[in-house]
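Visitor: mind looking at a prediction? Sequence and model below.
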Amino acid sequence: MSSISLAVETHDVRRIYKIRGGKRKGEAKTLIALDGVSMEVPRGELFGLLGPNGAGKTTLIKILATLLLPSSGTAKVDGLDVTTQTQEVRRRISMVSGGETSGFGLLTVEENLWMFARFYGLDNKTIKSRLAEMMQMVGIYDRRSTKISDLSTGLRQKMNFIRGFISDPRVVFLDEPTLGLDVTAARDVRDFVKDWMAQNPDRTLLLTTHYMAEADELCDRLAIIDKGKTLICDSPENLKRRLQSETLFNLKIQPLRKPTSPEDVIEAVPGVRSVTIADQIDFSELRLSLEGEDALPAVLAHLSGRGSGLLSLEKREPTLEDVFTQLVGRRLDEDTSQNSTGEGR
Amino acid sequence: MITLSSARPEGDHRPMGFADRLLSLPFVQRSDALRSFILGAWLGWQIESNWADPLLFAVYSFARPLASVMILVVMYSVITDGATQQPIFAYIYLGNALYIIVGGMLAGISWAVIDDREHYRTAKQLYTSPLVGYAYLCGRGAARLLIGTISTIIVTVFGVLLFGIPITFGSIDLPFLIASIVLGLTTLSGLGLIIGAISFQLGRNAWQAGELISGALYLFAGALFPLDILPPVLREIGLIFPATYWLEAMRRALLGANMIGFQTFAALDNTAITFILLAMSVGLWISAAFVYRWSMRQAREKGVIDLETNY
Ligand SMILES: Nc1ncnc2c1ncn2[C@@H]1O[C@H](COP(=O)(O)OP(=O)(O)O)[C@@H](O)[C@H]1O
Ligand SMILES: [Mg+2]
């Protein structure tokens, strides 16, 4: 792909944070948030970064949105270097963080959006029509004269969300856009994203999420990111197709007894490709990936051998969650800071 | 939850009106810096002038500075047995009235930096847009300056009417006054911008940085007493502080012949002071440009542009 048609391009981007609290006093510890990320997003694409909390998604977005410098490597947005051509990049982009309920509380919704539109140098007529249209699209038009401090957090988030689009940016960065929104508001936001991309086919949108259903629904292509590294990058369909040779089951079982030896784990049962376990209050949820259905009886035998009975069993189609699990050996909603110690916990 | 009290009447674009017309001028629309300055000033005015509560606004902005000057007047009167006709009284009174502006200029910008970042949590939104940071921040400072200037004028008029501060049409040296005002603005805003730029490196507690600096320098600026009283070492602090020269210039421009006898810089005539202020302006603005660029880069490197201190 020639770099002129790329909206976002990163080359071996690393970002290291210095953090306080080393073993000895005054000693600086470092944390590698991004460990060599290279990716290319062509113009017109709705691209997703899918990864668990702490994977480095926000860090990458902040670098692309000029808030943060990479420790090494290069990043370009719309062909411009984010480190050196900052002002030019800022003219072309916008960034919205989900869960962002901040704002100049003393301004009204309309004043706040007007101010940001003016920062981008839009003219009066454009501002008027675009503001009205976008406020109507997300349903805050009748609250336009309300002070931000008097809005519910959901409405504030919607206001911040459309702030990201009023300047008609060439590249939009959305960091977890539906975080903390209720189901309907999240749907409004996703619909807005889809409509906007359909109406502006030359615009590019990069979003991060740790909701795999959202990534699946919205993204043309996505990269799975974990511990500062992108593991794979493809369309959701292609990613799921990789798992077609696998047979997937969801099981609810009674709690398992601890394994008696390192060999006495589910992973060791013949035909088991991967397994994750999530403990609920009075049962455990097992997500199994098998080479074929005929491996199932051996697994059930293993379970009853460890004192656990089967509560329910369901065969299902592969999701992005399974893609992640297959690549990383963990579930997406697990915190990265936890160490996984066998049995996918 | 419906809160009627804060809803403005339909179609009422009062606060945007004037700014909106300015921003629609073609040359403004083309300039990132001009737009940033105007929007900063507009926003600053919304924040500084609490229209929801005009009484509180008036008390805080005008009655409070007036009260603090009155305390000084009372203290002075007790110590000197009511000798407000002495030239030293006009010296102190005007010095304090004008120091309201100095304080506002030094603290205003750093306060805006921290306020955006920690209170409104909008730094992320602002600094990913194509605003020109220093122009925007100067705009925020200008709104504060306007209120500070009104305070100073009120306090000064009070002084003339109540305590006979000898400012008359004859005593005012208009060309020197205009030069002093312009150079005061450039010098003090340059200094304010430097403090503001450095505030990007500091945490939440930095909202007081500007106030601490202006408070600490108050004693050395010739606002409370002539510099000559200070021991030579401490006097040096006053002599490198631009506000010292500005206060002196303003007093001379306003009082004219009526202040003879209390010239801190007896050896410097008005032209010399003007040139000193001019040189300081240029120096401070060049430094501010470097400090701002350095600080923004440093902030991006450390990831603190949008720092939100956890409570
Ligand atoms: N300002 C910071 N200082 C130190 N560490 C940070 C900072 N911001 C993020 N991190 C760390 O960097 C890693 C990646 O964080 P982040 O980019 O926020 O991940 P994500 O958005 O995918 O949840 C995490 O381990 C996080 O704790
Ligand atoms: Mg994040």
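Guide: That came through fine. Ligands and ions are numbered 1, 2, ... in the order given.
Visitor: poorly predicted segments of the stretch 201-345 of chain A, please.
Guide: Scanning the stretch 201-345 of chain A for pLDDT under 70 picks out A:334-345.
Visitor: so which residue of it comes closest to ligand 1?
Guide: A:Thr208 (6.4 Å; Cβ to the nearest ligand atom). All C-beta spots, glycine's among them, are computed from the backbone N, C-alpha and C.
Visitor: what pairs with the helix or strand where that residue lies, and is each one parallel or antiparallel?
Guide: Using DSSP states H and E, A:Thr208 falls within strand A:204-209. Using DSSP bridges, strand A:204-209 pairs in its sheet with strand A:46-50 (parallel), strand A:171-175 (parallel).
Visitor: quick one, the helix or strand following the last one and strand A:204-209 angle?
Guide: With elements assigned by DSSP H and E, the helix or strand that comes after strand A:171-175 is helix A:183-199. Per axes from the mean of the first three to the mean of the last three Cα atoms, to 10 degrees, the angle that helix A:183-199 makes with strand A:204-209 is 160 degrees.
Visitor: for the residue of the stretch 201-345 of chain A closest to ligand 1, give its distance to A:Ile225.
Guide: 8 Å (Cβ to Cβ, to the nearest Å).
Visitor: returning to that earlier point: whatever helix or strand comes next after the strand holding A:Thr208: which residues count as buried?
Guide: As assigned by DSSP H and E, the chain's next helix or strand after strand A:204-209 is helix A:212-218. Under the neighbour-count criterion of 16 or more other Cβ atoms under 10 Å in any protein chain shown, helix A:212-218 has A:Met212, A:Glu214, A:Ala215, A:Asp216, A:Leu218 buried.
Visitor: go on, stretch B:26-41?
Guide: B:28-29, B:31-41.
Visitor: now stretch A:177-196
Guide: By neighbour count with 16+ other Cβ under 10 Å, stretch A:177-196 contains the buried residues A:Pro177, A:Thr178, A:Leu179, A:Leu181, A:Ala185, A:Ala186, A:Asp188, A:Val189, A:Arg190, A:Phe192, A:Val193, A:Trp196.
Visitor: with just CA atoms, put the strand holding A:Thr208 into PDB.
Guide: What follows is strand A:204-209, C-alpha atoms only, in PDB (Å, rounded to 0.1, in the frame of the first residue of the first chain):
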ATOM      1  CA  THR A 204     -11.100   7.000   8.600                       C
ATOM      2  CA  LEU A 205     -12.100   6.000  12.000                       C
ATOM      3  CA  LEU A 206      -9.900   4.100  14.500                       C
ATOM      4  CA  LEU A 207     -11.600   2.900  17.600                       C
ATOM      5  CA  THR A 208     -10.400   0.900  20.600                       C
ATOM      6  CA  THR A 209     -12.600  -1.400  22.500                       C
END
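Visitor: ranges for the helices of chain B?
Guide: Using DSSP state H, the helices found in chain B span residues B:14-24, B:26-30, B:32-48, B:54-58, B:64-80, B:87-114, B:123-126, B:133-163, B:174-199, B:209-217, B:232-240, B:242-255, B:270-302.
Visitor: I'd like the ones you listed laid out as JSON lines, including distance to ligand 1 and mean pLDDT.
Guide: Below are the helices of chain B laid out as JSON lines (distance: least, Cβ to the nearest ligand atom, whole Å; pLDDT from 0 to 100):
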{"stretch": "helix B:14-24", "distance to ligand 1": "35", "mean pLDDT": "79"}
{"stretch": "helix B:26-30", "distance to ligand 1": "36", "mean pLDDT": "89"}
{"stretch": "helix B:32-48", "distance to ligand 1": "26", "mean pLDDT": "94"}
{"stretch": "helix B:54-58", "distance to ligand 1": "37", "mean pLDDT": "80"}
{"stretch": "helix B:64-80", "distance to ligand 1": "38", "mean pLDDT": "84"}
{"stretch": "helix B:87-114", "distance to ligand 1": "17", "mean pLDDT": "90"}
{"stretch": "helix B:123-126", "distance to ligand 1": "13", "mean pLDDT": "94"}
{"stretch": "helix B:133-163", "distance to ligand 1": "20", "mean pLDDT": "92"}
{"stretch": "helix B:174-199", "distance to ligand 1": "18", "mean pLDDT": "94"}
{"stretch": "helix B:209-217", "distance to ligand 1": "22", "mean pLDDT": "85"}
{"stretch": "helix B:232-240", "distance to ligand 1": "37", "mean pLDDT": "87"}
{"stretch": "helix B:242-255", "distance to ligand 1": "36", "mean pLDDT": "93"}
{"stretch": "helix B:270-302", "distance to ligand 1": "8", "mean pLDDT": "96"}
